[in-house]
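A.B. asks: quick check, what structure comes out for this input:
(chains A, B, C and D)
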Number of protein chains: 2
Amino acid sequence: MTETTDLSRAAATRARLLDAAVSAFAERGFHATTTRDIAAAAGMSPAALYVHHQSKEELLYLISRSGHERTLALVRDGLIGSDDPVEQLVSVVRRFAIDHARGHTVARVVNYELAALSPEHFEEIRQIRQEIDHEVRRLVESGMAAGVFQVRDAGMTTLALLSLGIDIARWYRDEGTWTPEDIGDHYAELALRIVGVDLSSL
Amino acid sequence: MTETTDLSRAAATRARLLDAAVSAFAERGFHATTTRDIAAAAGMSPAALYVHHQSKEELLYLISRSGHERTLALVRDGLIGSDDPVEQLVSVVRRFAIDHARGHTVARVVNYELAALSPEHFEEIRQIRQEIDHEVRRLVESGMAAGVFQVRDAGMTTLALLSLGIDIARWYRDEGTWTPEDIGDHYAELALRIVGVDLSSL
DNA sequence: CACTACTGACTAAGCGCTTGCTTACTTGCC
DNA sequence: GGCAAGTAAGCAAGCGCTTAGTCAGTAGTG
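C.D. replies: Next comes the predicted model:
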């Protein structure tokens, strides 16, 4: 059982370091966070960070990649439940908003620390972001084609929908009165209004 | 003319340093920007920065304060033109969006570098932000009271309207196809949809 | 109108400290 | 005993900011 226990111990330590990095990056930003901060928050010496990770930037990359992949998967999950653009929009926006509220710490790092990534890592992340944008754009266009969305400019509408969701990461506080689900419900309704769905017909 | 020329020279240098700081803070973030970066961009030695400003943080504070005051004034200007909540909303959102697009560099520093301010400076800035929020909230509530806005939750709607505007600073690029005015027009329409104004009646 | 004293703008050099990361070593589990 | 996990100590580089000084351009005085 050597391998298993060793692997799980190492994996647990890696995860602890990543968690500590998420909190620190979200609170203070990548550049204001020191490797000593992260190590201390994980209950380890500064050198331990380099036993499990190559660099401070690698931590940011791992956080950013898994966060973006999670968001892309979440958007796609919202699309497969139905063929109706209205239902799809509600599902996608609701999930997106809930995830950005509940996971606002990760979401903050994901959306506001892109400039600290290395050029190669940034390029990789940029492509995932583009895929997310594409999925939402296709949804908006399918609703327009079906005649249920009344939208002047598909691009600007897509941007506004994503924008509204992403910005939750900036303003959301755990101490607030709204739960992530409250926000998800409200934002789903706002999304329907934005795409011009006649709400009285629902 | 001694005093005048000396004053204007010093003022011009101060402004050059501030401009350089805005660009650098917007592009790389406060913590990733060095005082040497700023001084070099202003065409001066690192020490010159301290002839005109107390600290690197003071530069951020000056940028942040003037930016927030500008936004507050802009919102109030949008309100005084009319008594009609619909016209006021269009005017406020349009100005807000145009300003955040055209001045996205300043707006980025204003909205995303708050954590780098000293506690005292942050508190001062927080109050200006609160005033901005209040003005928009009162507008939303006045439209509800007048029966022209159909809104479920005034707080969440206010937040969404501001959120949409602020996030422009994150995504706007000068190379894009939309002009700030295009965005202003589109966002004004989105705002009307968000507050539930019947567009066919306009 | 020359001479001196002075001032504000600016810089070269560098101080003390912190940073990301490394090295050489110890510990503890199968 | 072997090996992965973890650490104490510290290095080179870069940081914000200071010091001590240069220099151009007046203001005041006879």
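A.B. asks: what about stretch A:17-32 and DNA strand D, any contact?
C.D. replies: No - shown here: stretch A:17-32 not in contact with DNA strand D (CB under 7 Å from any atom of the strand), separated by at least 8.8 Å. For the C-beta atoms, the positions are set from N, CA and C on the backbone; glycine is no exception.
A.B. asks: for that stretch, buried residues please.
C.D. replies: A:17-26, A:29-32 (16 or more other CB atoms under 10 Å in any protein chain shown).
A.B. asks: now swap in stretch A:117-125 and tell me
C.D. replies: Going by neighbour count (16+ other CB under 10 Å), the buried part of stretch A:117-125 is A:117, A:121, A:125.
A.B. asks: which one of those residues is nearest residue B:180?
C.D. replies: Of all the buried residues of stretch A:117-125, residue A:125 has the smallest distance to residue B:180: 27.4 Å, by CB to CB.
A.B. asks: on contacts alone, who are the packing partners of the worst-scoring helix or strand of chain A on mean pLDDT?
C.D. replies: With mean pLDDT, DSSP states H and E as the measure, the helix or strand of chain A carrying the lowest mean pLDDT is helix A:2-28 (a mean of 82). Packing partners of helix A:2-28 (3 or more CB pairs under 8 Å, 6 or more residues apart in numbering or on different chains; DSSP states H and E): helix A:35-41, helix A:49-52, helix A:56-80, helix A:104-112.
A.B. asks: just name the most buried of those.
C.D. replies: Stretch with highest mean neighbour count among the helices and strands packed on helix A:2-28: helix A:104-112 (a mean of 23; mean count of other CB atoms under 10 Å in any protein chain shown).
A.B. asks: is that helix positioned near chain B?
C.D. replies: Yes - contact between helix A:104-112 and chain B, assessed by CB under 8 Å from any CB of the partner chain, occurs at A:111-112.
A.B. asks: ok, stretch A:153-168 next?
C.D. replies: Yes - using CB under 8 Å from any CB, stretch A:153-168 reaches chain B at A:153, A:156-157, A:159-160, A:163-164, A:166-168.
A.B. asks: filter these down to the ones in helices?
C.D. replies: Residues of the residues of stretch A:153-168 next to chain B located in helices (DSSP state H): A:156-157, A:159-160, A:163-164, A:166, A:168.
A.B. asks: closest to DNA strand D out of the residues you listed?
C.D. replies: residue A:166 (28.4 Å; CB to the nearest atom of the strand).
A.B. asks: just give the nearest non-adjacent residue to the closest one, would you?
C.D. replies: The shortest distance from residue A:166 to any non-neighbouring residue, by CB to CB, 6 or more residues apart in numbering or on different chains, is to residue A:111 (5.3 Å).
A.B. asks: per-residue pLDDT of the one you found, please?
C.D. replies: The score at residue A:111 is 98. That number is its pLDDT.
A.B. asks: residue ranges with poor pLDDT in chain A?
C.D. replies: Low-confidence segments of chain A (pLDDT under 70): A:1-7, A:200-202.
A.B. asks: let's go with 50 and repeat that
C.D. replies: A:1-6 (pLDDT under 50).
A.B. asks: got a list of what the residue in it that chain B sits nearest to touches?
C.D. replies: When distances are taken as CB to the nearest CB, chain A reaches nearest to chain B at residue A:31, 3.6 Å away. Residues in contact with residue A:31 (CB atoms under 8 Å, 6 or more residues apart in numbering or on different chains) are A:116, B:29, B:31-32.
A.B. asks: tell me the contacts of residue A:189?
C.D. replies: A:199, B:152.
A.B. asks: go with 10 Å
C.D. replies: Residues counted as contacts of residue A:189 (CB atoms under 10 Å, 6 or more residues apart in numbering or on different chains) are A:90, A:93-94, A:197, A:199, A:202, B:152-153, B:156, B:194, B:196.
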